[in-house]
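[1] with the input below, show me the fold.
(one chain, ligands or ions: 1)
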Amino acid sequence: MNNQKLIQEALEVLPGGVNSPVRAFKAVGGEPVVLVKGRGCRVWDADGNEYIDFLASWGPLILGHAYPKVVKAVKEEVERGLSFGLTNPHEVKLAQLVVEMVPSVEKVRFVNSGTEATMSAIRLARGVTGRKLVVKFEGCYHGHYDSLLVSAGSGVATFAIPGTPGIPEEIAKLTLVVPFNNREAVKKVFEEYGEDIACVIVEPVAGNMGVVPPKEGFLKFLREITEEHGSLLIFDEVITGFRLSKGGAQELFDVNPDLTCLGKILGGGLPVGAYGGRKELMSQVAPEGPVYQAGTLSGNPVAMVAGVETLKELRDKEPYEELGEKAKRVSEAVSGMLKEKGIPHRINRVGSMFTVFFTDKEVVDFESAKSSDLELFGKFFRKLLEKGILIPPAQFEAWFLSTAHEEEDIEEALNRIESAIREL
Ligand code: PMP
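    Numbering: from 1, shown residues only. Next up, the predicted model:
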(Lines give C-alpha, C1' and ligand atoms only; values in the text may rest on other atoms or scores of the structure.)
Protein backbone atom coordinates (compact mmCIF):
# COMPACT_ATOMS: atom_id res chain seq x y z
CA MET A 1 0.00 0.00 0.00
CA ASN A 2 1.35 3.46 -0.80
CA ASN A 3 1.98 6.35 1.55
CA GLN A 4 -1.09 8.38 0.63
CA LYS A 5 -3.48 5.44 0.95
CA LEU A 6 -2.02 4.51 4.33
CA ILE A 7 -2.41 8.08 5.60
CA GLN A 8 -6.03 8.16 4.41
CA GLU A 9 -6.78 4.92 6.22
CA ALA A 10 -4.93 6.11 9.31
CA LEU A 11 -7.08 9.25 9.48
CA GLU A 12 -10.18 7.05 9.72
CA VAL A 13 -9.03 5.12 12.77
CA LEU A 14 -6.39 7.16 14.60
CA PRO A 15 -6.88 10.74 15.89
CA GLY A 16 -5.08 12.89 13.32
CA GLY A 17 -3.89 9.65 11.71
CA VAL A 18 -1.16 9.30 14.35
CA ASN A 19 -0.27 8.07 17.81
CA SER A 20 1.79 11.13 18.72
CA PRO A 21 0.76 14.60 17.47
CA VAL A 22 3.94 15.89 15.76
CA ARG A 23 3.90 12.91 13.39
CA ALA A 24 0.94 14.50 11.56
CA PHE A 25 3.29 17.16 10.06
CA LYS A 26 0.73 19.84 10.95
CA ALA A 27 3.47 22.29 11.90
CA VAL A 28 5.37 21.91 8.65
CA GLY A 29 2.64 21.12 6.14
CA GLY A 30 2.77 18.50 3.46
CA GLU A 31 1.86 14.84 3.54
CA PRO A 32 3.03 12.86 6.60
CA VAL A 33 5.47 10.06 5.85
CA VAL A 34 4.84 6.41 6.70
CA LEU A 35 8.15 4.66 7.32
CA VAL A 36 8.58 0.97 6.63
CA LYS A 37 12.31 0.29 7.00
CA GLY A 38 15.47 1.65 8.59
CA ARG A 39 19.12 0.64 8.20
CA GLY A 40 22.04 2.57 9.63
CA CYS A 41 21.39 6.27 9.09
CA ARG A 42 18.77 5.75 6.38
CA VAL A 43 15.01 5.14 6.35
CA TRP A 44 12.53 4.25 3.61
CA ASP A 45 8.89 5.27 3.26
CA ALA A 46 5.94 3.24 1.97
CA ASP A 47 6.50 4.61 -1.55
CA GLY A 48 10.08 3.37 -1.56
CA ASN A 49 11.69 6.82 -1.09
CA GLU A 50 14.94 6.81 0.86
CA TYR A 51 15.98 9.49 3.36
CA ILE A 52 19.13 10.21 5.34
CA ASP A 53 17.76 10.36 8.86
CA PHE A 54 18.52 13.09 11.41
CA LEU A 55 15.35 12.37 13.40
CA ALA A 56 16.67 9.07 14.79
CA SER A 57 13.22 8.20 16.17
CA TRP A 58 13.43 11.47 18.20
CA GLY A 59 16.71 10.47 19.81
CA PRO A 60 16.87 6.79 20.76
CA LEU A 61 18.82 5.54 17.75
CA ILE A 62 22.31 6.75 18.62
CA LEU A 63 23.72 3.58 16.99
CA GLY A 64 21.51 3.96 13.91
CA HIS A 65 18.64 1.79 12.69
CA ALA A 66 18.67 -1.99 13.14
CA TYR A 67 22.09 -2.06 14.80
CA PRO A 68 23.21 -5.67 14.30
CA LYS A 69 24.14 -6.50 17.93
CA VAL A 70 20.84 -5.07 19.20
CA VAL A 71 18.77 -6.85 16.57
CA LYS A 72 20.53 -10.16 17.25
CA ALA A 73 19.96 -9.93 21.02
CA VAL A 74 16.30 -9.01 20.52
CA LYS A 75 15.72 -11.92 18.11
CA GLU A 76 17.30 -14.39 20.52
CA GLU A 77 15.24 -13.06 23.40
CA VAL A 78 11.98 -13.15 21.44
CA GLU A 79 12.57 -16.88 20.90
CA ARG A 80 12.59 -17.37 24.69
CA GLY A 81 9.28 -15.60 25.24
CA LEU A 82 7.94 -12.07 25.11
CA SER A 83 7.02 -11.32 28.69
CA PHE A 84 7.01 -13.08 32.04
CA GLY A 85 5.74 -10.46 34.45
CA LEU A 86 8.32 -11.57 36.99
CA THR A 87 11.97 -10.63 37.35
CA ASN A 88 14.29 -11.58 34.48
CA PRO A 89 18.09 -11.44 34.33
CA HIS A 90 18.25 -8.65 31.75
CA GLU A 91 16.63 -6.01 33.94
CA VAL A 92 19.30 -6.64 36.55
CA LYS A 93 22.02 -6.29 33.91
CA LEU A 94 20.51 -3.08 32.50
CA ALA A 95 20.18 -1.63 36.01
CA GLN A 96 23.84 -2.44 36.69
CA LEU A 97 24.85 -0.66 33.49
CA VAL A 98 22.79 2.42 34.37
CA VAL A 99 24.30 2.54 37.88
CA GLU A 100 27.79 2.13 36.43
CA MET A 101 27.34 4.81 33.77
CA VAL A 102 25.15 7.55 35.30
CA PRO A 103 27.07 9.29 38.12
CA SER A 104 24.19 10.11 40.50
CA VAL A 105 22.21 6.88 40.12
CA GLU A 106 22.69 4.14 42.69
CA LYS A 107 19.33 2.43 42.22
CA VAL A 108 16.93 2.57 39.31
CA ARG A 109 13.31 1.59 38.53
CA PHE A 110 12.36 0.76 34.94
CA VAL A 111 9.11 1.95 33.36
CA ASN A 112 7.84 1.99 29.77
CA SER A 113 8.25 5.60 28.62
CA GLY A 114 9.81 8.94 29.42
CA THR A 115 6.42 10.20 30.57
CA GLU A 116 6.15 7.45 33.15
CA ALA A 117 9.69 8.20 34.31
CA THR A 118 9.03 11.90 35.00
CA MET A 119 5.58 11.22 36.45
CA SER A 120 7.00 8.68 38.89
CA ALA A 121 9.99 10.86 39.80
CA ILE A 122 7.62 13.72 40.67
CA ARG A 123 5.52 11.39 42.80
CA LEU A 124 8.63 10.23 44.62
CA ALA A 125 9.80 13.82 45.15
CA ARG A 126 6.42 14.77 46.57
CA GLY A 127 6.33 11.60 48.64
CA VAL A 128 9.71 12.06 50.29
CA THR A 129 9.45 15.81 50.86
CA GLY A 130 5.78 15.86 51.84
CA ARG A 131 5.44 18.96 49.62
CA LYS A 132 3.18 19.65 46.65
CA LEU A 133 4.73 22.26 44.34
CA VAL A 134 6.79 21.46 41.26
CA VAL A 135 9.00 24.01 39.48
CA LYS A 136 9.50 23.52 35.76
CA PHE A 137 10.92 25.66 32.97
CA GLU A 138 9.01 27.26 30.15
CA GLY A 139 9.53 25.33 26.91
CA CYS A 140 10.89 22.21 28.61
CA TYR A 141 8.89 19.10 27.83
CA HIS A 142 8.80 16.18 30.23
CA GLY A 143 6.10 14.00 28.69
CA HIS A 144 2.34 14.32 28.91
CA TYR A 145 1.80 13.90 32.66
CA ASP A 146 -0.79 16.40 33.98
CA SER A 147 1.57 18.23 36.33
CA LEU A 148 4.20 18.68 33.63
CA LEU A 149 2.08 19.67 30.66
CA VAL A 150 2.05 23.28 31.77
CA SER A 151 3.90 25.70 29.41
CA ALA A 152 5.53 22.70 27.80
CA GLY A 153 7.79 22.48 24.76
CA SER A 154 7.90 19.93 21.93
CA GLY A 155 4.50 19.24 20.34
CA VAL A 156 2.71 21.42 22.88
CA ALA A 157 4.83 24.38 21.75
CA THR A 158 4.50 23.41 18.12
CA PHE A 159 0.73 23.50 18.27
CA ALA A 160 0.77 26.61 20.50
CA ILE A 161 -1.38 24.86 23.09
CA PRO A 162 -1.11 26.93 26.29
CA GLY A 163 -2.14 24.14 28.61
CA THR A 164 -4.57 21.47 27.66
CA PRO A 165 -8.20 20.67 28.39
CA GLY A 166 -8.48 17.75 30.77
CA ILE A 167 -6.01 19.04 33.34
CA PRO A 168 -7.92 20.47 36.31
CA GLU A 169 -6.88 23.95 37.37
CA GLU A 170 -6.23 22.60 40.87
CA ILE A 171 -3.50 20.37 39.43
CA ALA A 172 -2.01 22.89 37.00
CA LYS A 173 -1.80 25.34 39.90
CA LEU A 174 0.71 23.10 41.65
CA THR A 175 3.23 23.62 38.85
CA LEU A 176 5.25 26.85 38.89
CA VAL A 177 6.76 27.80 35.56
CA VAL A 178 9.87 29.95 35.19
CA PRO A 179 11.96 30.95 32.15
CA PHE A 180 14.89 28.63 31.38
CA ASN A 181 18.35 30.03 32.21
CA ASN A 182 16.84 32.73 34.43
CA ARG A 183 18.35 32.64 37.92
CA GLU A 184 16.43 35.63 39.18
CA ALA A 185 13.09 34.02 38.36
CA VAL A 186 14.13 30.82 40.14
CA LYS A 187 15.27 32.78 43.20
CA LYS A 188 11.93 34.57 43.24
CA VAL A 189 9.80 31.42 43.29
CA PHE A 190 11.98 30.01 46.05
CA GLU A 191 11.65 33.21 48.07
CA GLU A 192 7.91 33.05 47.75
CA TYR A 193 7.18 29.32 47.85
CA GLY A 194 10.45 27.73 49.05
CA GLU A 195 8.99 25.64 51.85
CA ASP A 196 6.35 24.10 49.62
CA ILE A 197 8.54 23.23 46.64
CA ALA A 198 8.98 19.47 46.34
CA CYS A 199 11.29 19.62 43.34
CA VAL A 200 12.71 21.45 40.38
CA ILE A 201 12.62 19.42 37.17
CA VAL A 202 14.78 20.48 34.23
CA GLU A 203 16.13 19.24 30.93
CA PRO A 204 19.80 19.96 31.72
CA VAL A 205 20.27 20.76 28.05
CA ALA A 206 16.86 21.69 26.70
CA GLY A 207 15.89 19.77 23.58
CA ASN A 208 12.18 20.44 23.40
CA MET A 209 12.25 24.18 22.64
CA GLY A 210 14.91 23.24 20.14
CA VAL A 211 18.38 22.79 21.63
CA VAL A 212 19.13 25.40 24.29
CA PRO A 213 22.23 24.88 26.42
CA PRO A 214 22.25 25.89 30.08
CA LYS A 215 24.10 29.15 30.71
CA GLU A 216 27.44 28.86 32.50
CA GLY A 217 26.78 27.85 36.11
CA PHE A 218 22.99 27.58 35.75
CA LEU A 219 22.81 23.87 36.65
CA LYS A 220 25.14 24.34 39.64
CA PHE A 221 22.94 27.21 40.75
CA LEU A 222 19.88 24.93 40.58
CA ARG A 223 21.79 22.33 42.61
CA GLU A 224 22.56 24.87 45.31
CA ILE A 225 19.19 26.57 45.59
CA THR A 226 17.28 23.27 45.77
CA GLU A 227 19.64 21.98 48.43
CA GLU A 228 19.27 25.18 50.44
CA HIS A 229 15.49 24.81 50.50
CA GLY A 230 15.27 21.05 51.02
CA SER A 231 13.77 20.53 47.56
CA LEU A 232 14.89 17.80 45.19
CA LEU A 233 16.58 18.48 41.86
CA ILE A 234 15.38 16.25 39.02
CA PHE A 235 17.31 16.06 35.77
CA ASP A 236 15.12 14.90 32.93
CA GLU A 237 17.79 13.18 30.86
CA VAL A 238 15.33 11.35 28.60
CA ILE A 239 17.11 12.95 25.61
CA THR A 240 20.54 13.78 27.05
CA GLY A 241 21.09 10.49 28.93
CA PHE A 242 23.72 8.39 27.09
CA ARG A 243 23.59 11.05 24.32
CA LEU A 244 25.92 13.80 25.58
CA SER A 245 28.33 11.46 27.33
CA LYS A 246 27.99 7.96 28.73
CA GLY A 247 26.87 9.53 32.00
CA GLY A 248 24.63 12.11 30.30
CA ALA A 249 24.49 15.86 30.95
CA GLN A 250 25.18 15.38 34.66
CA GLU A 251 28.60 13.96 33.80
CA LEU A 252 29.29 16.58 31.15
CA PHE A 253 28.43 19.51 33.44
CA ASP A 254 29.56 17.80 36.64
CA VAL A 255 26.35 18.40 38.57
CA ASN A 256 24.62 15.57 40.41
CA PRO A 257 20.83 15.78 40.64
CA ASP A 258 18.85 13.92 43.30
CA LEU A 259 16.77 12.04 40.74
CA THR A 260 17.39 11.32 37.07
CA CYS A 261 14.78 10.43 34.43
CA LEU A 262 15.88 8.32 31.48
CA GLY A 263 14.30 6.96 28.31
CA LYS A 264 14.94 6.94 24.55
CA ILE A 265 18.54 5.59 24.14
CA LEU A 266 18.05 3.51 27.29
CA GLY A 267 15.70 1.20 25.37
CA GLY A 268 17.73 1.14 22.16
CA GLY A 269 14.53 1.78 20.16
CA LEU A 270 12.13 -0.22 22.33
CA PRO A 271 9.80 1.39 24.89
CA VAL A 272 11.83 1.81 28.08
CA GLY A 273 12.03 4.62 30.61
CA ALA A 274 13.57 4.79 34.07
CA TYR A 275 14.00 6.94 37.11
CA GLY A 276 16.83 6.58 39.57
CA GLY A 277 18.91 8.26 42.23
CA ARG A 278 20.62 7.77 45.55
CA LYS A 279 19.80 4.61 47.47
CA GLU A 280 18.09 6.38 50.33
CA LEU A 281 15.69 8.11 47.93
CA MET A 282 14.98 5.08 45.77
CA SER A 283 14.39 2.98 48.87
CA GLN A 284 11.21 5.03 49.35
CA VAL A 285 9.75 3.36 46.25
CA ALA A 286 7.44 0.35 46.79
CA PRO A 287 8.00 -2.39 47.87
CA GLU A 288 11.01 -1.04 49.81
CA GLY A 289 9.12 2.11 50.73
CA PRO A 290 5.64 3.62 50.69
CA VAL A 291 5.64 5.49 47.33
CA TYR A 292 3.69 3.23 44.98
CA GLN A 293 4.56 2.70 41.34
CA ALA A 294 4.24 -0.44 39.22
CA GLY A 295 4.01 -1.84 35.68
CA THR A 296 2.85 -5.10 34.06
CA LEU A 297 5.39 -4.82 31.24
CA SER A 298 8.06 -2.87 33.14
CA GLY A 299 11.46 -4.51 32.73
CA ASN A 300 10.18 -6.42 29.70
CA PRO A 301 12.93 -8.87 28.70
CA VAL A 302 12.94 -8.01 24.99
CA ALA A 303 13.13 -4.28 25.69
CA MET A 304 15.78 -4.83 28.36
CA VAL A 305 18.17 -6.74 26.06
CA ALA A 306 17.90 -3.96 23.47
CA GLY A 307 18.93 -1.52 26.21
CA VAL A 308 21.72 -3.74 27.48
CA GLU A 309 23.32 -4.13 24.04
CA THR A 310 22.99 -0.42 23.32
CA LEU A 311 24.49 0.74 26.62
CA LYS A 312 27.30 -1.83 26.47
CA GLU A 313 28.27 -0.51 23.06
CA LEU A 314 28.23 3.10 24.29
CA ARG A 315 30.16 2.26 27.45
CA ASP A 316 32.83 0.32 25.58
CA LYS A 317 33.21 2.56 22.54
CA GLU A 318 32.48 5.99 24.04
CA PRO A 319 31.76 7.49 20.61
CA TYR A 320 30.95 10.92 22.01
CA GLU A 321 33.86 12.92 20.68
CA GLU A 322 33.33 11.50 17.21
CA LEU A 323 29.57 12.13 17.38
CA GLY A 324 30.17 15.71 18.49
CA GLU A 325 32.62 16.28 15.64
CA LYS A 326 30.15 14.96 13.08
CA ALA A 327 27.37 17.19 14.41
CA LYS A 328 29.75 20.15 14.40
CA ARG A 329 30.63 19.45 10.78
CA VAL A 330 26.98 19.14 9.67
CA SER A 331 25.75 22.15 11.65
CA GLU A 332 28.60 24.39 10.53
CA ALA A 333 28.13 23.38 6.90
CA VAL A 334 24.37 24.07 7.11
CA SER A 335 25.10 27.42 8.71
CA GLY A 336 27.51 28.30 5.89
CA MET A 337 24.90 27.42 3.27
CA LEU A 338 22.20 29.50 4.96
CA LYS A 339 24.61 32.40 5.29
CA GLU A 340 25.44 32.26 1.62
CA LYS A 341 21.73 32.38 0.85
CA GLY A 342 21.37 35.39 3.18
CA ILE A 343 18.99 33.63 5.60
CA PRO A 344 19.28 34.84 9.22
CA HIS A 345 19.68 31.88 11.56
CA ARG A 346 21.19 30.63 14.80
CA ILE A 347 22.36 27.10 15.43
CA ASN A 348 22.57 25.79 18.99
CA ARG A 349 24.55 22.60 19.36
CA VAL A 350 25.61 20.50 22.32
CA GLY A 351 27.47 17.32 21.39
CA SER A 352 25.52 15.37 18.79
CA MET A 353 22.25 17.31 19.07
CA PHE A 354 21.51 20.66 17.46
CA THR A 355 18.74 22.92 16.20
CA VAL A 356 18.64 25.43 13.36
CA PHE A 357 16.55 28.45 14.40
CA PHE A 358 15.53 30.96 11.75
CA THR A 359 16.15 34.07 13.82
CA ASP A 360 18.89 36.65 14.28
CA LYS A 361 18.46 36.58 18.07
CA GLU A 362 20.56 34.47 20.40
CA VAL A 363 18.35 31.58 21.58
CA VAL A 364 18.66 31.19 25.35
CA ASP A 365 15.10 30.39 26.43
CA PHE A 366 11.63 29.67 25.06
CA GLU A 367 10.86 33.33 24.41
CA SER A 368 13.86 33.72 22.12
CA ALA A 369 13.27 30.28 20.55
CA LYS A 370 9.82 31.48 19.55
CA SER A 371 11.37 34.31 17.52
CA SER A 372 12.23 31.69 14.88
CA ASP A 373 10.40 32.06 11.55
CA LEU A 374 8.14 28.99 11.68
CA GLU A 375 6.85 29.44 8.17
CA LEU A 376 10.38 29.36 6.82
CA PHE A 377 11.09 26.32 8.97
CA GLY A 378 8.12 24.53 7.36
CA LYS A 379 9.44 25.35 3.91
CA PHE A 380 12.94 24.22 4.90
CA PHE A 381 11.59 20.93 6.25
CA ARG A 382 9.55 20.19 3.12
CA LYS A 383 12.45 21.02 0.78
CA LEU A 384 14.78 18.78 2.78
CA LEU A 385 12.27 15.95 2.70
CA GLU A 386 11.89 16.33 -1.05
CA LYS A 387 15.68 16.00 -1.39
CA GLY A 388 15.85 12.91 0.83
CA ILE A 389 16.72 14.41 4.22
CA LEU A 390 14.59 13.67 7.26
CA ILE A 391 14.76 16.09 10.20
CA PRO A 392 12.20 16.50 13.01
CA PRO A 393 8.94 17.82 11.53
CA ALA A 394 8.82 20.72 14.00
CA GLN A 395 11.01 23.69 14.91
CA PHE A 396 11.14 23.03 18.65
CA GLU A 397 13.07 19.76 18.40
CA ALA A 398 16.63 18.55 17.85
CA TRP A 399 18.52 16.97 14.96
CA PHE A 400 20.47 13.91 16.09
CA LEU A 401 23.63 12.33 14.73
CA SER A 402 24.28 8.62 15.14
CA THR A 403 27.39 6.47 14.90
CA ALA A 404 25.85 5.13 11.67
CA HIS A 405 26.32 8.49 9.91
CA GLU A 406 29.54 7.61 8.09
CA GLU A 407 31.74 10.08 6.25
CA GLU A 408 30.14 9.27 2.85
CA ASP A 409 26.64 9.65 4.32
CA ILE A 410 27.47 13.06 5.71
CA GLU A 411 28.98 14.09 2.39
CA GLU A 412 25.83 12.97 0.59
CA ALA A 413 23.56 14.58 3.19
CA LEU A 414 25.35 17.92 2.84
CA ASN A 415 24.96 17.79 -0.94
CA ARG A 416 21.23 17.13 -0.56
CA ILE A 417 20.89 19.89 2.04
CA GLU A 418 22.77 22.33 -0.18
CA SER A 419 20.46 21.66 -3.09
CA ALA A 420 17.43 22.12 -0.78
CA ILE A 421 18.70 25.44 0.56
CA ARG A 422 19.47 26.69 -2.93
CA GLU A 423 15.81 26.18 -3.80
CA LEU A 424 14.39 27.81 -0.67
N1 PMP B 1 11.32 14.06 28.74
C2 PMP B 1 11.97 14.55 27.67
C3 PMP B 1 13.13 15.46 27.88
C4 PMP B 1 11.53 14.20 26.39
O5 PMP B 1 12.18 14.69 25.32
C6 PMP B 1 10.43 13.34 26.25
C7 PMP B 1 9.90 12.92 24.89
N8 PMP B 1 10.37 13.55 23.80
C9 PMP B 1 9.80 12.86 27.39
C10 PMP B 1 10.27 13.23 28.63
C11 PMP B 1 8.64 11.92 27.31
O12 PMP B 1 9.06 10.69 26.85
P13 PMP B 1 8.01 9.70 26.15
O14 PMP B 1 7.64 10.34 24.86
O15 PMP B 1 8.80 8.44 26.01
O16 PMP B 1 6.87 9.56 27.08
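[2] got the domain ranges for the chain?
    Per the record, the chain has its domains at 3-62+319-422, 68-317, by automatic domain parsing.
[3] would CSV of those domains with mean neighbour count and mean pLDDT be doable?
    Where you see a C-beta, it was placed from the backbone N, CA and C, and this is true even at glycine. Conversion of the domains of the chain to CSV gives the following (neighbours: other C-beta atoms under 10 Å; pLDDT from 0 to 100):
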stretch, mean neighbour count, mean pLDDT
domain 3-62+319-422, 19, 97
domain 68-317, 20, 96
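[4] which one, of those domains, ends up nearest to the ligand?
    In terms of C-beta to the nearest ligand atom, the element of the domains of the chain nearest to the ligand is domain 68-317, at 2.2 Å.
[5] which bits of the stretch 251-400 of the chain sit near the ligand?
    Gly263, Gly273 (C-beta under 6 Å from any ligand atom).
[6] can you give me the helices in the stretch 251-400 of the chain?
    Remark: helices assigned in the stretch 251-400 of the chain by DSSP state H, counting those that start in this stretch are 279-282, 301-317, 320-340, 366-369, 374-386.
[7] contacts for the longest one, please.
    Identification of contacts with helix 320-340 by C-beta atoms under 8 Å, 6 or more residues apart in numbering yields 54, 62, 244-246, 345, 347, 349, 351-354, 356, 399, 401-403, 405, 410, 413-414, 417-418, 421.
[8] do the same with the last one
    Here helix 374-386 makes contact (C-beta under 8 Å, 6+ apart) with 27-30, 33, 51, 343, 356, 358, 390-391, 393, 395, 416-417, 420-421, 423-424.
[9] one more time with 6 Å
    Defining contact as C-beta atoms under 6 Å, 6 or more residues apart in numbering, one finds that helix 374-386 is touched by Val28, Gly29, Gly30, Phe358, Ile391, Pro393, Gln395, Ala420, Glu423, Leu424.
[10] what's the nearest residue to Arg23 once chain neighbours are set aside in contact with, if anything?
    Nearest residue to Arg23, sequence neighbours excluded (C-beta to C-beta, 6 or more residues apart in numbering): Pro32, at 6.2 Å. Neighbour list for Pro32: Ile7, Ala24, Phe25 [criterion: C-beta under 6 Å, 6+ apart].
[11] any idea how far the first one is from Gly269?
    Think Ile7. 23 Å (C-beta to C-beta, to the nearest Å).
[12] try the last one
    Distance of Phe25 to Gly269, computed by C-beta to C-beta: 22 Å.
[13] Arg123: what's its closest spatial neighbour, skipping adjacent residues?
    Once flanking residues are discounted, Arg123 sits nearest to Val291: 6.0 Å by C-beta to C-beta, 6+ apart.
[14] what's the distance between that neighbour and Val92?
    In this view, Val291 and Val92 are 22 Å apart by C-beta to C-beta.
[15] isn't there a strand covering the residue nearest to Arg23?
    No. Using DSSP: H, G, I helix; E, B strand; the rest coil, the assignment for Pro32 is coil, not a strand.
[16] all strands of the protein, in order?
    35-39, 42-45, 50-53, 107-111, 133-137, 175-178, 197-202, 232-236, 259-262, 273-277, 346-350, 353-357, 389-390, 399-400 (DSSP state E).
[17] tell me the residues of the stretch 51-200 of the chain that contact the ligand?
    Contact residues, the stretch 51-200 of the chain versus the ligand (C-beta under 6 Å from any ligand atom): Trp58, Ser113, Gly114, Thr115, Thr118, Tyr141, His142, Gly143, Ser154.
[18] so which of these sit within helices?
    Counting by DSSP state H, these place Gly114, Thr115, Thr118, Ser154 in helices.
[19] residue contacts, the first one?
    The one in question is Gly114. Gly143, Val238, Gly263, Gly273.
[20] and the closest residue to Phe366 other than its chain neighbours, how far from Pro15?
    Counting by C-beta to C-beta, 6+ apart, Gly139 is the residue found nearest to Phe366 once chain neighbours are left out, at 2.9 Å. Per C-beta to C-beta, Gly139 is found 25 Å from Pro15.
[21] repeat that for Lys220.
    43 Å.
[22] would you reformat the residues of the stretch 51-200 of the chain next to the ligand as JSON lines and include distance to Glu106?
    Formatted as JSON lines, those follow (distance: C-beta to C-beta, whole Å):
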{"residue": "Trp58", "distance to Glu106": "28"}
{"residue": "Ser113", "distance to Glu106": "23"}
{"residue": "Gly114", "distance to Glu106": "21"}
{"residue": "Thr115", "distance to Glu106": "24"}
{"residue": "Thr118", "distance to Glu106": "19"}
{"residue": "Tyr141", "distance to Glu106": "27"}
{"residue": "His142", "distance to Glu106": "22"}
{"residue": "Gly143", "distance to Glu106": "24"}
{"residue": "Ser154", "distance to Glu106": "30"}
